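1. I'd like to go over a predicted model; first the sequence, then the structure.
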Amino acid sequence: MPENIHEFDDANFEAEVLKSDKPVLIDFWAEWCVPCKMIAPAVEEVANENEAVKVGKVNVDGNPGIASKYGIRSIPTLLIFKGGQVAEKMVGAVSKETIQEFVDKVK
């Protein structure tokens with residue numbers, strides 16, 4: 001995993017996401033998900049270009065509790081948390097430009 005992409009799981013989700021002092025973009029994904037692999041480079045580019053936003057991933061297979069709690073029914077799903085709450089949600093494989101516009105809403 002690239003150094004500017006965090007791996008969120010049951011153990012660190014509260015500290016890293018819910019208590020973060022800046023907005024957090026989360027990519028919910030799975031190893032077998034082809035669309036997830038398609039958007040991964042775009043998510044990485046957005047992470048590289050946006051210091052004001054923490055970017056990370058949640059593997060839904062390894063962390064079904066987090067996925068269930070936030071109503072993740074299909075992947076890839078992108079959520080932005082701000083102040084410990086879901087501020088924005090986007091489902092499906094989208095372009096880097098669309099992800100950047102999504103992030104710009106909460107910066």
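-> Nice, thanks for sending it over.

2. centroid-wise, who is the farthest residue in the chain?
-> In the chain, W32 marks the outermost C-alpha relative to the chain mean, sitting 17.2 Å out by C-alpha atoms, centre = their mean.

3. quick one: the helices in the protein, in order.
-> Counting by DSSP state H, the chain has helices at residues 13, 34-49, 64-69, 96-104.

4. what sits closest to the spatially most central residue of the chain if chain neighbours are left out?
-> The centroid of the chain falls nearest to I26 when counting by C-alpha atoms, centre = their mean (1.2 Å). Of all residues not flanking I26 in the chain, L79 sits nearest, at 4.9 Å (C-beta to C-beta, 6 or more residues apart in numbering). Yep, even glycine has a C-beta here, placed from its N, CA and C like the rest.

5. now do the contacts for the one you found.
-> L25, I26, F28, Y70, V86, E88, K89 (C-beta atoms under 8 Å, 6 or more residues apart in numbering).

6. and the second one, how far from I99?
-> As defined by C-beta to C-beta, to the nearest Å, I26 lies at a distance of 12 Å from I99.

7. need the overlap of contacts for the two.
-> L78.

8. quick one: low-confidence ranges for this protein?
-> 1 (pLDDT under 70).

9. so which residues of it form strands?
-> 5-7, 24-29, 54-59, 77-82, 85-91 (DSSP state E).

10. so which of these is the most surrounded?
-> Mean neighbours per residue, mean count of other C-beta atoms under 10 Å, is largest over the strands of the chain for strand 24-29, with a mean of 24.

11. alpha carbons of that one, as CSV, please.
-> Output of strand 24-29 as CSV, limited to C-alpha atoms (Å, rounded to 0.1, in the frame of the first residue of the first chain):
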residue,chain,number,x,y,z
VAL,A,24,-11.1,11.3,5.7
LEU,A,25,-11.7,9.8,2.3
ILE,A,26,-12.3,6.0,2.5
ASP,A,27,-12.2,3.6,-0.4
PHE,A,28,-14.2,0.5,0.5
TRP,A,29,-12.8,-2.3,-1.6
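
12. no further queries at this time; thank you.
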